[in-house]
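> just to be clear, the model below is a prediction. Sequence and coordinates:
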Amino acid sequence: MPPLADYRTVLDFESTDDIVHALKEGVNENRAPYDENAHPDWVLPVNDSTSFEKQSLADEADRLSVLRDYQVLETENEDDYDMITEEAGQFYNVPWACVSFVDMGRLWFKSMYKDDIDIKETPRKDSFCAYTLQSKEGLFVVRDTYQDPRFSKNPYVTGHPGWRFYAGVPLVSPEGAKLGTFCLLDRKPRPEGLSMEDERKLKAMAKKVMDRLVNRKRKFAPVMKKRFSSDCLVEMAESESNVNQFVELEPSQEDYSSAKKSKLNPSSNLKKQAVRRKPAPEMIIRPPVLDIILPDPKTAGVDPDAYLAQLVEALYGVKLQTKPALDLGEFFPKITDEQMAAYDVEVVTAARENNIKELRQICERKGPKALNCFNRFGEGLLNLSCRRGFQEITAYLLSNEVGLKACIRDDYGRTPLHDACWNPSPLIEICTWLMEKEPALFFVTDKRGFTPFQYARKSDWLVWRNFLFERRHLLEPLSRPEVLKMFS
């Protein structure tokens, strides 16, 4: 295997034109000039147009330009990402869970929950994640690498660490660029693959990572723009003594063990790899450390709505106001006669009895539209499952298989989030799923002017404040222009 320094990074190039030129040459300096009939490292050797998107040099150059603009490559580990990979590793019981970025000639790991391996990057041509980026399914799974001719001779399969199973979801930016992946790796094959619920959760974790990346970029953008002036550019020295000038990111407010962080990514190892890399001739722009003071969820006496408003203002500098559901017009799709006709005894009985098996059978026979039904008061199956705390049914209704929308309300203005918060016990999982779908639901009031949190018990206020703080990355959509226009 060639030295890692032979694999270029997009950080070595200033413009998209430079990237295009480099892609034509090939990512390795020793390669022959670009040939349309050849396969550079960034082109996958696959002809399956039904499962994989066709690659083009222009698309790849655009993707790499977006990746470079996120200024995440060659940055230190951050607790915000390490906690997600650790959660995934433990939930799926795998030795490795990673946040990776597919660079020009390498796969670079931002975070890796790992067993007995210390890898910061691998050659792109040997990566599973490159396939994930081109998969049309939004998920790429290799159940047994030994049985897959694409990977059976991969050096990371035949040698150490001996990967036998892979599952990855692309990290898709708002611009539509697939920057990298959130993935799982195991040294044991998994012939059964992942369950539908496991796939849903993996995609949710990937979205959580992407949301944090977008928020990070948004916070750095104003300062980054100023730093493009010549007097603010910071040049990275070539000596080892200056390698530690890589970006230091904002500390998380979670109490995360520094020892664990050190285990995940020893700084000395990062320095060694950085020194091996050929120095870039361009200036390196370093985002500054931003000290954002977030409201403490442990402050007594603060109701969840007030805490949410404080949190959103601290994160995004905006003040949102609650709005009556009945005044929000297009925010809630109009219920059709067909949807009301589908609300029959069979489907309602299955939902009320928490019979997920029967609901699946109905969906298989009649299609997902059979479950997208409402009674004459505007209540749907999602309202029912959230109010009763039917977790499995709620997950199924919100899954891609059924695809119900969280933005629904009954004639009284109650949303599924109102129903979930009404439950005697805090339904953390269900509320998280609804929050992932549409966090603006927290600012919707019913006919009496009650928000979802006003349906919750005062004794659970601390639980809900912690809930919001721990999932604050899911609030990023509240900064979208259309949301600000509606709730400001």
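That came through fine. These numbers come from a predicted model, not from an experiment.
> low pLDDT regions in the stretch 251-400 of the chain?
251-292 (pLDDT under 70).
> break this structure down into its domains, please.
Using automatic domain parsing, the domain parsing of the chain gives 4-276, 304-487.
> check those for me: which has the lowest mean pLDDT.
Among the domains of the chain, domain 4-276 carries the lowest mean pLDDT, at a mean of 75.
> got the buried residues for the helix or strand where Met205 lies?
For Met205, the host element (DSSP states H and E) is helix 196-226. By neighbour count on 16 or more other CB atoms under 10 Å, the buried set for helix 196-226 is 199-217, 219-220, 224. Any C-beta I mention is one placed from the backbone N, CA and C, and that applies to glycine too.
> off-centre distance for that helix?
Relative to its parent chain, helix 196-226 has a centroid offset of 5 Å by CA atoms, centre = their mean, to the nearest Å.
> packing partners for that helix?
Counting contacts by 3 or more CB pairs under 8 Å, 6 or more residues apart in numbering; DSSP states H and E, helix 196-226 is packed against helix 79-92, strand 165-172, strand 178-186, helix 428-437.
> apply 6 Å and report the result again.
helix 79-92, strand 165-172, strand 178-186 (3 or more CB pairs under 6 Å, 6 or more residues apart in numbering; DSSP states H and E).
> mind putting those in TSV, mean neighbour count and distance to Leu397 included?
Below are the helices and strands packed on helix 196-226 laid out as TSV (neighbours: other CB atoms under 10 Å; distance: least, CB to CB, whole Å):
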stretch	mean neighbour count	distance to Leu397
helix 79-92	20	22
strand 165-172	25	21
strand 178-186	27	24
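> between those, which one is closest to Leu484.
Nearest of the helices and strands packed on helix 196-226 to Leu484, taken as CB to CB: strand 165-172 at 22.8 Å.
> dump the domains of the chain into TSV; add distance to Pro297 as well.
As requested, the domains of the chain are exported to TSV (distance: least, CB to CB, whole Å):
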stretch	distance to Pro297
domain 4-276	9
domain 304-487	4
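> now the strands for the stretch 201-350 of the chain?
Using DSSP state E, counting those that start in this stretch, the strands of the stretch 201-350 of the chain run over residues 323-324.
> please enumerate the helices of it.
With DSSP state H, counting those that start in this stretch as the definition, the stretch 201-350 of the chain shows helices at residue ranges 258-264, 267-276, 304-316, 337-341, 345-352.
> quick one: the nearest residue to Glu358 once chain neighbours are set aside and Ser399, what's the gap?
Closest residue to Glu358 apart from its sequence neighbours, by CB to CB, 6 or more residues apart in numbering: Ala350 at 3.9 Å. Counting by CB to CB, to the nearest Å, the gap from Ala350 to Ser399 is 16 Å.
> who has more neighbours out of the two?
Set Ala350 next to Ser399 and count neighbours by other CB atoms under 10 Å: Ala350 wins out with 20 against 17.
> got the CA positions of the helix or strand hosting Tyr396 in PDB?
Taking DSSP H and E as the definition, Tyr396 sits inside helix 391-398. Only the C-alpha atoms of helix 391-398 are listed here, as PDB (Å, rounded to 0.1, in the frame of the first residue of the first chain):
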ATOM      1  CA  GLN A 391     -43.700   3.100  20.400                       C
ATOM      2  CA  GLU A 392     -43.400   0.300  17.800                       C
ATOM      3  CA  ILE A 393     -46.500   1.500  15.900                       C
ATOM      4  CA  THR A 394     -45.300   5.100  16.000                       C
ATOM      5  CA  ALA A 395     -41.900   4.100  14.600                       C
ATOM      6  CA  TYR A 396     -43.600   2.100  11.800                       C
ATOM      7  CA  LEU A 397     -45.900   4.900  10.800                       C
ATOM      8  CA  LEU A 398     -43.100   7.400  10.600                       C
END
